[in-house]
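Asks: Sequence plus the predicted model coming up.
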Amino acid sequence: METGARRPGPATRRLVYLVAVSWSLFQLWIVSPLPFWLGVGVIPETQGRSIHLAFAVFLAFLLFPGRLPTDTKQRLAAAFYLVLGLGLWAFAWSQHAADRPWVPAYVAIGAVALVLAWSAARLVPLARIPMLDWVLALLAAWCAGYLFLFHQDLATRPGRPLLADLIAAGVGLLLLLEATRRVLGPALMVIAGLFLVYAFAGPWMPDLLAHRGASFARAMAQQWLSNEGVFGIALGVSTSFVFLFVLFGALLERAGAGGYFIRVAFALLGHLRGGPAKAAVAASAMTGLVSGSSIANVVTTGTFTVPLMKRTGFTPAKAGAVEVASSVNGQLMPPVMGAAAFLMVEYVGIPYVEVIKHAFLPALIAYIALFYIVHLEAAKAGLAGLPRASDSGPLRRLIAGGLAVSGFLVLAGVVYFGLGWIKSVAPEHSIWVIATLVLGAYLALLWWASRVPPPPPETDDLAILPAPGPTLQGGLHFLLPVIVLIWCLVVERLSPGLSAFWAILFLVAILLTQRPLIAWFRGEGRYLGAVTHGARDLVDGLAQGARNMIGIGVATAAAGIIVGTVAMTGIALVMTDLVEWLSGGLILPMLILTALICLVLGLGLPTTANYIIVATLMAPVIVALGAENGLLIPLIAAHLFVFYFGIMADVTPPVGLASFAAAAVARANPIQTGIQALWYSLRTITLPFVFIFNPQLLLIGVHSGWQLALTFAGALIGMLAFAAATQHYLLTRNRVWETAALLLIALTLFVPGLWMDRFQPAFSALPASEIRAAATAVPASGHLRLEVRGWDLAGDEVVKRIMLPLGESGDGHDRLTAAGLGLVEIGDRVSVGFVRFGSPADRLGLEGGWQIEAVLMPAARPAPEWFYVPALALLALVVWRQRRRLAAASP
């Protein structure tokens, strides 16, 4: 279970509950503006990360046992700790005669390893927490909080750790790995442990992987006593952003939004052919806002959708596979994206709103394509939907659906433009005016919801579908916190953490007031009981949010070990050389090989740790090798590429965790379910290749509504054609040539420039001296394409093309400086004078002294979208042929 397998007694349960609630309150405090307004309780970022991890490991040791009754593989962990502890003691004994200063540290870490071996070997009941786990929990929390407790002392001696520092660091690393094993299984523990070993064993590695190695003091200082390892970017994002969004989802679920989203999906879609499967797709998309976890999504929605899919004719494996494909895609849908979107902010160096913008279109297309795949499966099997309690006829349903969609669009326009108008008319008082309007909307929607009877208790028996109107009416107020969140992010441009804070405050108000207000509107009385119920839901939501964060907290910390090792050893350059050698320098084999490596690295890992690993190791590989092969790959495209394939590890047998969870719900074979889910997910596997070769799908280079419409329509029709090809079914079963034609159509619609580039290059080269004028001409948030020449650390000459992201419109010199690029011009020669650390130019691998060879500007040529015309004509031919076959086969 993601929130712990232990169910201790009442007293212990109350203590754990109190700690979890305290963690949530702490996270709300440090991200809120209150400490700055009051001038007290301001906690620096690194110290906040330390407290964050202390809470996570403390709860991990209390809620997750060292060994489960049903898992004998835990004995391997016991053997590992036993060997490690005895090995460290033997090493300490061999070093004792030479009076080495760090011998006591080896003895202490070895003793903890032996204690962990005993903990992993013994089996204890799940109904109580043994005294040993209490000791380990307190020790782990103390080691994690070491940076908070001794922050001032550590700041006075950077790089010169004392013996006590090294003991705390070594024991803390070992306990962190054990907490990771308990919460997430052995996969991440093994990977992080191997990287830790690699940091020490560099001199004994093969030539390709060799490095000079790190001393014990250097490794501990890097990994635990600085913000470049465990307490680095990943844990910082978990502390500042991720916790708040997970807490937002938990409170939204506690308020009743999760069940509401599922009921709405069934009410709107359950009557269609294959309706329960289509409802599963829609419900997973909506609950992705709440959970951000593919496994939690499978368990939440699958409990309702899988039995209904089986009842309407889906086989158990296909029912589970549909749920897996839907739930995994929930992590691709902004704004939560399995918490990885917030990490992309730090790794790519762009605002969070930009990440949402780039990720939205592919996620939407993936969901529409899955909806279409479900329709094709239902059509092939001749399946029907579920009956309604009252059927108003197809025409009235169509009119009602059109009114609902148009009403939503009108509401969205009123919210965006109306509130934007208020900000322009009364900028100083707009916050109070908008707050009053939101409060009025909440009261109006709550009164409207009180006009319909409360929903029935949640059950998997939905043999008769509820009416769409009352179902929608009963929970529209749950959308208001989401609107507040998106408004703060997109319009107010607040930080993700502060945006989530204000959305959570609004959710707190909903939890405390919705029950008594509905009771008042209905005239039911019992207001005090309703208030008490709401307060209990609020505190339970705070506790549940913290329990949901345990896995993410320890995962981001453990993944920080990998990041720290990469920084110490330079293994990222080794990965680039290895992939280039294996792929022969060809771009497509390189992408395929990178995708396979991401799948392997992601096996058995949660989304967040998964992304940290693949982003650290593989995203720079894509950008570097693409640049050397003349392919301009935006940095965000590379990170979304590795993120997509890291996510697919949740599907892929034999370790696809989401597939195993869905198979358990569907009572199907896990491997068969995983293979079927992988087949349904081919569209998701294809999308990263598409936006690598066609960045317009990420809205890069799209500067008009017409261009946006063409890009979306082309990619969507191409994806539907690809889905029909992989399912061997369009209107009827495909002929071989029709499947081949559909694949050709999909390729053309996905990457129309592939054919146009055969006739005329996409870019023309301008002299380097034109760089400032070209930077001025680039639209806002656009990219400047450059060809650069320089020398790498090995002394080899490098020629590559890059896409330098530029910010707001303005003078070219200012935009280049803001992107971190300083230039030196001597005659017609332009060279890089400096590259600001951490800037977009630095992330692209530019170095001081490199030469700007040319500025690449879009060439004057016909739009590649003209190739849509023959592709759509071929699609019309396939449709016409299949319609003729259908007409001939019908009586």
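Replies: Perfect, I can see it now. Numbering: from 1, shown residues only.
Asks: all strands of the protein, in order?
Replies: Taking DSSP state E as the criterion, the chain carries its strands at 763-767, 783-791, 797-805, 821-826, 829-835, 851-858.
Asks: helices or strands up against the shortest one?
Replies: Think strand 763-767. Applying 3 or more C-beta pairs under 8 Å, 6 or more residues apart in numbering; DSSP states H and E, we find strand 763-767 packed against strand 851-858. Just so you know, the C-beta spots here come from the backbone N, C-alpha and C atoms, and that holds for glycine as well.
Asks: May I see the buried residues of the strand it packs on?
Replies: Taking 16 or more other C-beta atoms under 10 Å as the neighbour-count basis, strand 851-858 is seen to contain the buried residues 852-857.
Asks: mean confidence for it?
Replies: Here strand 851-858 scores 88 as its mean pLDDT.
Asks: Can you show me the CA trace of that strand as PDB?
Replies: Output in PDB follows, covering the C-alpha atoms of strand 851-858 (Å, rounded to 0.1, in the frame of the first residue of the first chain):
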ATOM      1  CA  GLN A 851      32.500  30.500 -31.900                       C
ATOM      2  CA  ILE A 852      29.100  31.400 -33.300                       C
ATOM      3  CA  GLU A 853      29.300  30.000 -36.800                       C
ATOM      4  CA  ALA A 854      25.900  31.000 -38.100                       C
ATOM      5  CA  VAL A 855      22.400  32.100 -37.100                       C
ATOM      6  CA  LEU A 856      19.700  29.800 -38.500                       C
ATOM      7  CA  MET A 857      16.500  31.500 -39.500                       C
ATOM      8  CA  PRO A 858      13.300  29.900 -41.000                       C
END
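Asks: And for it, what's in contact with it?
Replies: For strand 851-858, contacts defined as C-beta atoms under 8 Å, 6 or more residues apart in numbering pick out 632, 762-768, 770-771, 774, 784-790, 799, 801, 823, 829-832.
Asks: Would you list the buried entries among the residues you listed?
Replies: 632, 763, 768, 770-771, 774, 784-788, 790, 801, 823, 830-832.
Asks: if we can go back for a sec, by mean pLDDT, show me the worst of the strands of the chain.
Replies: Here the strands of the chain differ in mean pLDDT, and the lowest is strand 797-805 at a mean of 82.
Asks: Just checking: what are the partner strands of that strand?
Replies: strand 783-791 (antiparallel) (DSSP bridges).
Asks: need the contact list for the residue lying closest to residue 58 once chain neighbours are set aside.
Replies: Nearest non-adjacent residue to residue 58, counting by C-beta to C-beta, 6 or more residues apart in numbering: residue 141, 4.1 Å away. Residues near residue 141 by C-beta under 8 Å, 6+ apart: 54-55, 57-58.
Asks: again, only this time at 7 Å
Replies: Residues near residue 141 by C-beta atoms under 7 Å, 6 or more residues apart in numbering: 54, 57-58.
Asks: Put the buried members of these into a PyMOL selection.
Replies: In PyMOL, a selection of the buried entries from those looks like this (16+ other C-beta under 10 Å):
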select buried, resi 54+57+58
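Asks: Pop the domain breakdown of this protein in here.
Replies: Following automatic domain parsing, the chain resolves into domains at 10-231, 763-860.
Asks: now the end-to-end length of the longest one.
Replies: In other words, domain 10-231. End-to-end distance for domain 10-231, by C-alpha to C-alpha, to the nearest Å: 34 Å.
Asks: Now the phi/psi pair for the nearest residue to residue 518 once chain neighbours are set aside, please.
Replies: Distances taken as C-beta to C-beta, 6+ apart place residue 450 nearest to residue 518, at 4.7 Å, with adjacent residues excluded. Dihedral pair for residue 450: phi -70, psi -10, per degrees, to the nearest 10.
Asks: Number of residues surrounding residue 450?
Replies: 20 (other C-beta atoms under 10 Å).
Asks: That one is in contact with residue 516, isn't it?
Replies: No: between residue 450 and residue 516 there is no contact, the gap being 11.4 Å when judged by C-beta atoms under 7 Å.
Asks: Reformat the strands of the chain as TSV; add distance to residue 665.
Replies: Listed next are the strands of the chain as TSV, based on distance: least, C-beta to C-beta, whole Å:
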stretch	distance to residue 665
strand 763-767	51
strand 783-791	44
strand 797-805	43
strand 821-826	52
strand 829-835	51
strand 851-858	50
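Asks: Out of those, flag the one nearest residue 683.
Replies: strand 797-805 (26.1 Å; C-beta to C-beta).
Asks: Dump the C-alpha coordinates for the closest one into CSV.
Replies: Only the C-alpha atoms of strand 797-805 are listed here, as CSV (Å, rounded to 0.1, in the frame of the first residue of the first chain):
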residue,chain,number,x,y,z
GLU,A,797,36.3,19.8,-31.8
VAL,A,798,32.5,20.0,-31.5
VAL,A,799,30.1,21.5,-34.1
LYS,A,800,26.4,21.5,-33.1
ARG,A,801,23.2,23.3,-33.5
ILE,A,802,21.2,24.6,-30.5
MET,A,803,17.9,26.3,-29.8
LEU,A,804,18.4,29.1,-27.3
PRO,A,805,15.1,30.0,-25.6
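Asks: Run the angle between it and strand 851-858 for me.
Replies: Here the directions of strand 797-805 and strand 851-858 differ by 50 degrees (axes from the mean of the first three to the mean of the last three C-alpha atoms, to 10 degrees).
Asks: Run through who's touching strand 797-805.
Replies: Under the criterion C-beta under 7 Å, 6+ apart, residues 350, 627-628, 630, 632, 634, 783-792, 819, 821, 840-841, 844, 856 lie in contact with strand 797-805.
Asks: How far off centre is it?
Replies: 28 Å (C-alpha atoms, centre = their mean, to the nearest Å).
Asks: And stretch 484-502, by the same measure?
Replies: Using C-alpha atoms, centre = their mean, the offset of stretch 484-502 from its chain centre is 18 Å.
Asks: which outside residues touch that stretch?
Replies: Outside stretch 484-502, the residues that reach it (C-beta under 7 Å, 6+ apart) are 28, 31-32, 240-241, 244-245, 248, 335, 342, 352-353, 420, 438, 503, 506.
Asks: out of these, which one sits closest to residue 593?
Replies: Of these, the one sitting nearest to residue 593 (C-beta to C-beta) turns out to be residue 342, at 28.2 Å.
Asks: looking at it, the closest one is touching residue 242, isn't it?
Replies: Yes: if you go by C-beta under 7 Å, residue 342 and residue 242 touch, sitting 5.8 Å apart.
Asks: So which of these two has more stuff around it?
Replies: More neighbours surround residue 242 than the other of residue 342 and residue 242, with 31 against 25 (other C-beta under 10 Å).
Asks: Now do the same contact list for residue 27.
Replies: Residues in contact with residue 27, defined by C-beta under 7 Å, 6+ apart, are 243-244, 247.
Asks: In CSV, list those residues along with neighbour count, distance to residue 268 and pLDDT.
Replies: Formatted as CSV, those follow (neighbours: other C-beta atoms under 10 Å; distance: C-beta to C-beta, whole Å; pLDDT from 0 to 100):
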residue, neighbour count, distance to residue 268, pLDDT
243, 30, 33, 88
244, 27, 30, 87
247, 25, 29, 89
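Asks: between those, which is closest to residue 702?
Replies: Out of the contacts of residue 27, the member with the shortest distance to residue 702 (by C-beta to C-beta) is residue 244, at 30.8 Å.
Asks: Identify the residues contacting the closest one.
Replies: So residue 244 contacts 27, 31, 497, 500-501, 504 (C-beta under 7 Å, 6+ apart).
Asks: For residue 208, which of the strands of the chain is the nearest?
Replies: Per C-beta to C-beta, nearest to residue 208 of the strands of the chain: strand 797-805, 19.5 Å.
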